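**Student:** could you look at this predicted model? Sequence included:
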Amino acid sequence: MELLNPRPGVGQIKVYRPIRPPEEDRAWIDLSLTVNPLGPSPAALAAYRKVATQIHRYPSADHERLRRAIARRYELDAERVVCAGGSDEMIHLVCQAYAGPGDEVLTHEHGYRGFLKAVRASGATPVVAMERDMVVDVDAMIDRAGERTKLCFLANPNNPTGTYITAEAVQRLRAGLPKHTLLVLDSAYAEYCRRNNYSEGTELVESCDNVMMVRTFSKIHGLAGLRVGWAYGPGSVVGALNHVRGPFNVSLPAQEAAIAALADTGHEEATFAHTAHWLPWLSHELEAIGVRVYPSVCNFILARIPPDPSLGVPQVTEHLARRGILVKSVTDYALTDCLRITIGSEEENRAVVAALREILEE
Ligand SMILES: Cc1ncc(COP(=O)(O)O)c(C=O)c1O
């Protein structure tokens with residue numbers, strides 16, 4: 001049996017536990033994952049259906065058409081784009097290529113948990129810098145970097161806090177990191193953040209040889225179920241990622257739907273407008289019943305339940321579930337009194353507010 005043991009540390013990696021609706025025959029309002037409430041673009045859906053008769057074939061191994069479509073849309077060099085089965089796979093590939101036992105990988109206190117999973121899977125040691133009131137603290141991150149820091153993951157904006165740091169702060173972080181550290185900018189929610197002082201990272205990637213950016217089709221593009229992500233980075237980094245990835249890591253329907261989604265800017269705008277309307281509405285309604293809402297630039301909000309010894313997150317999520325609503329409790333982010341609520345359709349947003357009002361105003 002000894003021979004069948006996995007590498008040291010594998011058993012300690014947390015298994016992702018999905019939030020499952022209790023097995024009741026009802027239509028659930030699922031606001032627990034950060035997906036697009038408008039669904040996929042109709043153009044992406046048509047492209048997906050169109051390749052249905054071709055799924056006995058392997059997909060393109062170099063993702064050439066998809067890379068070119070990404071490059072055209074975002075004005076990038078297609079040779080420096082690499083694709084993966086979701087940005088989660090990309091994060092794993094980066095760790096696999098750049099970190100291992102004895103190395104450290106830096107991230108931030110409430111940073112996206114996919115980072116920790118990938119770091120631990122690579123055998124490297126995660127180092128976590130504290131945040132300040134749910135916002136990344138650049139100085140704290142620079143303080144925790146050192147000789148052994150191979151990678152630094154920054155989710156900007158971050159999930160589950162919804163907050164972001166400015167382009168200038170990201171530049172300061174880059175300048176303060178050792179030259180041998182690759183800064184990985186996870187910009188999964190970039191399309192939702194249109195603040196003047198924000199940058200998704202393209203310029204930094206183009207001006208530095210130790211910065212890369214990771215993006216996804218799961219969020220504003222509404223293709224979470226298909227699993228498509230991509231990265232833009234220095235040629236050497238893209239080369240390394242191509243060395244470690246599997247040849248057919250993005251499925252045929254996923255590549256076709258992603259190409260179509262990129263061209264459907266109307267769907268993207270509609271999604272942005274929907275979020276821009278309902279995010280402030282939801283924040284305002286929750287604040288009116290005593291819930292603290294952190295300032296989000298994403299398609300979800302982090303909501304802190306007011307202190308009450310008899311009414312914590314478990315009671316609130318249970319009450320919501322009784323009303324047919326699922327939200328994400330973020331205890332795995334050490335946020336024991338918070339919920340992450342994704343912006344849903346109008347009806348869903350109104351339903352979650354009504355259910356929270358029932359229990360919090362009782
Ligand atoms: C910040 C961030 N990065 C990466 C991911 C992974 O997304 P995907 O693997 O679907 O591209 C998520 C998903 O929630 C996320 O919030």
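**Tutor:** Good, I have the coordinates. Numbering: from 1, shown residues only.
**Student:** wait, doesn't Arg65 sit right on Leu252?
**Tutor:** No: counting by CB atoms under 8 Å, Arg65 does not reach Leu252; the two are 11.2 Å apart. Where C-beta positions appear, they are placed from N, C-alpha and C, glycine not excepted.
**Student:** packing partners of the helix or strand hosting Ala43?
**Tutor:** Using DSSP states H and E, Ala43 sits in helix 42-50. With contacts taken as 3 or more CB pairs under 8 Å, 6 or more residues apart in numbering; DSSP states H and E, helix 42-50 sits against helix 252-263, helix 265-288.
**Student:** for the ones you listed, could you give me TSV that also reports mean neighbour count and mean pLDDT?
**Tutor:** Formatted as TSV, the helices and strands packed on helix 42-50 follow (neighbours: other CB atoms under 10 Å; pLDDT from 0 to 100):
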stretch	mean neighbour count	mean pLDDT
helix 252-263	23	98
helix 265-288	17	98
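**Student:** those: which one's closest to the ligand?
**Tutor:** helix 252-263 (11.1 Å; CB to the nearest ligand atom).
**Student:** contact partners of the closest one?
**Tutor:** 40-41, 43-48, 50-52, 54-55, 57-60, 63, 65-66, 69-70, 73, 83, 85, 217, 221-223, 226-228, 250, 267 (CB atoms under 8 Å, 6 or more residues apart in numbering).
**Student:** of these, which are in range of the ligand?
**Tutor:** Checking these against the ligand by CB under 6 Å from any ligand atom, not one of them is in range.
**Student:** generate a PyMOL selection restricted to the buried subset of the residues you listed.
**Tutor:** Only the buried entries of the contacts of helix 252-263 go into this PyMOL selection, using 16 or more other CB atoms under 10 Å:
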select buried, resi 40+41+43+44+45+47+48+51+59+60+63+66+69+70+83+85+217+221+222+223+226+227+228+250+267
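**Student:** out of the contacts of helix 252-263, which sit inside helices?
**Tutor:** Taking DSSP state H, the ones among the contacts of helix 252-263 that sit in helices are 43-48, 50, 65-66, 69-70, 73, 267.
**Student:** how close does Arg132 get to Val238?
**Tutor:** 34 Å (CB to CB, to the nearest Å).
**Student:** the two: which is more packed in?
**Tutor:** Neighbours per residue, other CB atoms under 10 Å: of Arg132 and Val238, the larger number sits with Val238, 19 against 11.
**Student:** any idea which element that one lies in?
**Tutor:** helix 235-244.
**Student:** need the residues that contact that helix.
**Tutor:** 79-82, 84, 90, 93-94, 96-98, 182, 209, 212, 231, 233.
**Student:** ok, the closest residue to Val228 other than its chain neighbours to Val170 distance?
**Tutor:** Of all residues beyond its chain neighbours, the one nearest Val228 is Phe217 (4.1 Å), with distances taken as CB to CB, 6 or more residues apart in numbering. Here Phe217 is placed at a distance of 23 Å from Val170 (CB to CB).
**Student:** tell me how far Ser236 lies from Asn210.
**Tutor:** 10 Å.
**Student:** which of these two has more neighbours?
**Tutor:** Asn210 (21 against 10).
**Student:** torsion angles phi and psi at the more buried one?
**Tutor:** Asn210 adopts backbone torsions of phi -130, psi 40, taken as degrees, to the nearest 10.
**Student:** partner residues bridging the residue nearest to it when sequence neighbours are not counted?
**Tutor:** Distances taken as CB to CB, 6+ apart put Leu182 closest to Asn210, at 5.2 Å, once the chain neighbours are dropped. For Leu182, the beta-bridge partners are Leu151 (DSSP bridges).
**Student:** show the pLDDT at Leu182.
**Tutor:** As predicted, Leu182 sits at a pLDDT of 98.
**Student:** perfect, that will be all.
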